[in-house]
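In: sequence? don't have it. structure:
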């Protein structure tokens, strides 16, 4: 028997990675443009991936590299993203800000999940949309997706849904800022506590000035910090549900708790950044690399989704996420006043 030919498959593997890298780089460039900067490079990478699939044939031998980008590189990107979180800043923000972040997260997850079920959205898609809205947009979606064993299709649809909703609400916030009656700091807290992606928070808080942006980012990072415990809780729930469905026991021991290594890596990188071990200039480079890797993963996910599927499965989750986002904004506005931070 002849030895297997490894050259073509290896070439196809790197071709797949190259396609996702090219899409991620184009998305990064487009995200520098005025309006598209609000959408952010991650959602642009998904949309570009979907457009590529619609207009160009995807080489069959490239599937391995595309899958590697959407799964392995995604996890490395999330680990590196941990350097964005400085736990000292979260603590320094004070208990009121942290309380608002926690209340908003719990409220958003519960309400959007319930709304998703009302609109007959698939359970996993509903959970991903809820977590993306509640925590930190597309990054939360792709971090929690493995815990649910969600399909690439559901992951891409929910990530795009959350990012598009965040873009819409960012524009609405900037228009409403003059009539909200909030101080610059109050508006920063409100934006950081209710908007989806960090890019959305920065863009929306900008009318309030630099102090509003700084505070908005700190509040947003308070929500990002909740990604680790929520990912673990959802993983436990999903594993327990799967065990019951397969006739196993509902009881779980400590070793049965699914703790994803990349979430642990995210937390470790946050701790390293908090201790000031990494120079600030290098932190900036690491964040850039992180977003490039996650952008490649988003491109890989987008390459697996057709626009027809997105319309069919995405519309109900978009409606549920939209209603939930409105309610989250109202709650966030009320809490800023209730806690005397307006």
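Out: Arrived safely. What you are looking at is a predicted structure, and each value in this text was computed from that prediction instead of being measured.
In: ok, residue 70 - contacts?
Out: The contact partners of residue 70, by C-beta atoms under 8 Å, 6 or more residues apart in numbering, come to 20, 152, 297, 300, 301, 304. Every C-beta, even on glycine, is put in place using the N, C-alpha and C of the backbone.
In: how about those, which pair is most distant?
Out: Within the contacts of residue 70, two members stand farthest from each other by C-beta to C-beta: 20 and 152, at 12.6 Å.
In: all helices of the stretch 201-342 of the chain, in order?
Out: Here the stretch 201-342 of the chain has its helices, by DSSP state H, counting those that start in this stretch, at 210-224, 227-245, 261-274, 280-302, 307-338.
In: of all the ones you listed, which lies closest to residue 139?
Out: That would be helix 280-302 among these, by C-beta to C-beta, at 6.6 Å.
In: any buried residues in that closest one, and which?
Out: Neighbour-count burial for helix 280-302 flags 283, 286-287, 290-302 (criterion: 16 or more other C-beta atoms under 10 Å).
In: now residue 117: closest residue in space that isn't a chain neighbour?
Out: residue 126 (6.2 Å; C-beta to C-beta, 6 or more residues apart in numbering).
In: quick check: that neighbour vs residue 182, distance?
Out: Residue 126 is 32 Å from residue 182, where distance means C-beta to C-beta, to the nearest Å.
In: so residue 20 and residue 152 - more neighbours on which side?
Out: Taking other C-beta atoms under 10 Å, residue 20 and residue 152 do not tie; residue 20 has more neighbours (30 against 19).
In: residues touching that one, list them.
Out: Counting by C-beta under 8 Å, 6+ apart, residue 20 touches 49, 65, 66, 69, 70, 73, 296, 297, 299, 300, 303.
In: which among those residues gets closest to residue 162?
Out: residue 297 (15.3 Å).
In: picking that back up, quick check: neighbours shared by residue 20 and residue 152?
Out: Counting by C-beta under 8 Å, 6+ apart, the contacts common to residue 20 and residue 152 are 70, 300.
In: list the residues that contact the closest residue to residue 87 other than its chain neighbours.
Out: Nearest residue to residue 87, sequence neighbours excluded (C-beta to C-beta, 6+ apart): residue 274, at 4.4 Å. Residues in contact with residue 274, defined by C-beta under 8 Å, 6+ apart, are 85, 86, 87, 88.
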